[in-house]
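**Student:** Any chance you could fold what I've pasted below:
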Amino acid sequence: MWHPASLILSWAGFAFFVQWASTGLLPWVASLCLLLGALFAPKRSRRLLWGSRWLLLSLAILFFIFTPGEYLPGFAGSLGLTFEGLERAGEQISRLLAMLVSLALLHESVGTNGLVIGMYWLNSPFPWRKTTAVRLMLVLELVEDKSQLRWREWLIPDEKQAGASKNLSLAMPNFRLRDALLMGSLLVLGMAFIVGL
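**Tutor:** Below you'll find the model as predicted:
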């Protein structure tokens, strides 16, 4: 089994790739992610997409309506809608769909504890890694329980949450050679891409 940190870094590499993918490739990437999400993480994918519905709709409207270019034929063109707007809206929605569903797949594969362990491991050089891990675990547990909290309650822990944080424990899995090779390869590919820009 892969270490959660290497899977999180792989997801970050995928997210980086999605930002630079061509317009023609993005719908295929998003479609593949949606298919994998429907097969391997249907509940998480559905919940994440439903929670992001207003963001997806806002992106579609903003790019479709406010992108200048060649007008669409007929009534749509008279409303100011353009081919370029349609293309840009599709590009941004495909990008966001791929990111969200791939995140749901990552969460499904490593679980909540895996996400926390991976972030804890990746933040090991920094002094705030314990605080970040506890906060991430509490937020993910609240999301999983579908608790209805105001945003301020997510940022400021109450006494109950503070007491719960004292009882949290993480079983750190072994970091193996294949994890190091995967992470090293991703970093080398990322640096090569940046240098080639």
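
**Student:** Could I get the buried residue list for stretch 107-115?
**Tutor:** 107-110, 113-115 (16 or more other Cβ atoms under 10 Å). For glycine as for every other residue, the C-beta is placed from the backbone atoms N, C-alpha and C.

**Student:** Could you point out the longest helix of this protein?
**Tutor:** Counting by DSSP state H, the longest helix found in the chain is helix 83-122.

**Student:** I'd like the next helix or strand past that one.
**Tutor:** Following helix 83-122 in sequence order, the next helix or strand is helix 129-144 (DSSP states H and E).

**Student:** The helix or strand containing residue 180 vs helix 83-122, what angle?
**Tutor:** Assigned by DSSP H and E, residue 180 belongs to helix 177-196. Here helix 177-196 runs at an angle of 140 degrees relative to helix 83-122 (axes from the mean of the first three to the mean of the last three Cα atoms, to 10 degrees).

**Student:** Tell me which other helices or strands helix 177-196 touches.
**Tutor:** With contacts taken as 3 or more Cβ pairs under 8 Å, 6 or more residues apart in numbering; DSSP states H and E, helix 177-196 sits against helix 4-20.

**Student:** most remote residue from this protein's center?
**Tutor:** For the chain, the C-alpha farthest from the mean C-alpha position belongs to residue 74; by Cα atoms, centre = their mean, that distance is 38.0 Å.

**Student:** residues in contact with the residue nearest to residue 114 when sequence neighbours are not counted?
**Tutor:** Leaving aside its chain neighbours, residue 114 sits nearest to residue 4 (3.9 Å; criterion: Cβ to Cβ, 6 or more residues apart in numbering). Residue 4 is in contact with 110, 114-115, 117-118, 121, 173, counting by Cβ atoms under 8 Å, 6 or more residues apart in numbering.

**Student:** Which one of these is nearest to residue 62?
**Tutor:** Nearest to residue 62 among the contacts of residue 4: residue 115, at 30.5 Å, using Cβ to Cβ.

**Student:** isn't the closest one right up against residue 133?
**Tutor:** No - Residue 115 lies out of contact with residue 133 (Cβ atoms under 8 Å); the separation is 9.6 Å.

**Student:** ok, residue 69 - how many residues close by?
**Tutor:** 13 (other Cβ atoms under 10 Å).

**Student:** Contacts only, for it.
**Tutor:** Residue 69 makes contact with 82-85, according to Cβ under 8 Å, 6+ apart.

**Student:** Per-residue pLDDT of the residue lying closest to it once chain neighbours are set aside, please?
**Tutor:** Nearest non-adjacent residue to residue 69, counting by Cβ to Cβ, 6+ apart: residue 84, 3.0 Å away. You'll see residue 84 listed with a pLDDT of 92.

**Student:** what residue ranges in this protein score low on pLDDT?
**Tutor:** 142-168, 197 (pLDDT under 70).

**Student:** how near is residue 10 to residue 93?
**Tutor:** Residue 10 is 23 Å from residue 93, where distance means Cβ to Cβ, to the nearest Å.

**Student:** again with residue 74
**Tutor:** Distance from residue 74 to residue 93, by Cβ to Cβ: 23 Å.

**Student:** How about residue 192?
**Tutor:** 29 Å.
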